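Asker: I would like to see how this sequence folds:
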Amino acid sequence: MSDAKEKLLDAALSHVPFDGWSDETFNAAIRDTGLAPGLARGLCPRGAVDLAIAYHKRGDRQMVERLAQTDLSALRFRDRIATAVRFRLEAVEDREIVRRGMTLFALPQYGPDGARLLWETADLIWRALGDGSDDINWYTKRATLSGVYSATVLYWLGDDSEDHAATWDFLDRRIGDVMKFEQFKANMRANPGLMRLLKGPLDVLGRIRAPKPHDDMPGSWRQ
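Answerer: Numbering: from 1, shown residues only. Here you go, the predicted model:
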């Protein structure tokens, strides 16, 4: 992100709790920074929407940087995931800014942006934790974590417990549910009769591959 856009975002954050990610906030940020309106619009063609996206991505970067500086080797994998989600939420200075963002991305015209940001956060967590999957599991891991993360954010927004202890308990339960599902899948794979029955669908799914870097397509199909 350019320095000018960083300044614009910083200026906007003091207005978001009151005016949301709106034109009022964007124009106030322009006034506060003294940037030329044309330059500000060049940096953010959609105004405050682009700033909301930049804010989310800033939090993602802070999470990744903190994970890189933290020794997670002694933790169970489920606890590494929980730590990553916790770091992501702790990157937020004011919950009202996130609440306003969720209101924005709930609008139909911005829904795809919100879904993309959620997916990118899940992807960054898996990559930071060393995920090397390149098949259908690449998609299922990110889809599952997206669900866990979004549910945890909603719970966290209404959590008034000390140090958000209730949120971390909620997160642990959600991850526990995911681990039960993973165990269920492992039990299925250990059942020869069931695997023979599902051979056709599994062969089809086995051709799906994770997207390659800088690939324009969301995935690939092995011939």
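
Asker: and the residue sitting nearest the centre point of the chain, what helix or strand is that in?
Answerer: By Cα atoms, centre = their mean, the chain has its centre lying nearest to residue 121, at 2.5 Å. Taking DSSP states H and E as the criterion, the element that holds residue 121 is helix 111-128.

Asker: So which elements touch that helix?
Answerer: helix 48-68, helix 77-90, helix 95-105, helix 136-157 (3 or more Cβ pairs under 8 Å, 6 or more residues apart in numbering; DSSP states H and E). In short, each C-beta sits where N, CA and C put it, glycine included.

Asker: Next, format the ones you listed as CSV and append mean pLDDT, mean neighbour count and distance to residue 117.
Answerer: Below are the helices and strands packed on helix 111-128 laid out as CSV (pLDDT from 0 to 100; neighbours: other Cβ atoms under 10 Å; distance: least, Cβ to Cβ, whole Å):
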stretch, mean pLDDT, mean neighbour count, distance to residue 117
helix 48-68, 98, 19, 5
helix 77-90, 96, 19, 12
helix 95-105, 97, 18, 7
helix 136-157, 93, 18, 10
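
Asker: now the ones you listed as a markdown table including distance to residue 40?
Answerer: Below are the helices and strands packed on helix 111-128 laid out as a markdown table (distance: least, Cβ to Cβ, whole Å):
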| stretch | distance to residue 40 |
| --- | --- |
| helix 48-68 | 10 |
| helix 77-90 | 28 |
| helix 95-105 | 18 |
| helix 136-157 | 29 |
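
Asker: Out of the ones you listed, which is closest to residue 20?
Answerer: Residue 20 sits nearest to helix 95-105 of all the helices and strands packed on helix 111-128, at 4.5 Å, using Cβ to Cβ.

Asker: Contacts for the closest one next, please.
Answerer: When contacts are defined by Cβ atoms under 8 Å, 6 or more residues apart in numbering, helix 95-105 is touched by residues 13, 16-17, 20-21, 48-49, 52, 55-56, 92, 110-111, 113-114, 117, 153, 156-157.

Asker: picking that back up, off-centre distance for the helix holding residue 121?
Answerer: 4 Å (Cα atoms, centre = their mean, to the nearest Å).
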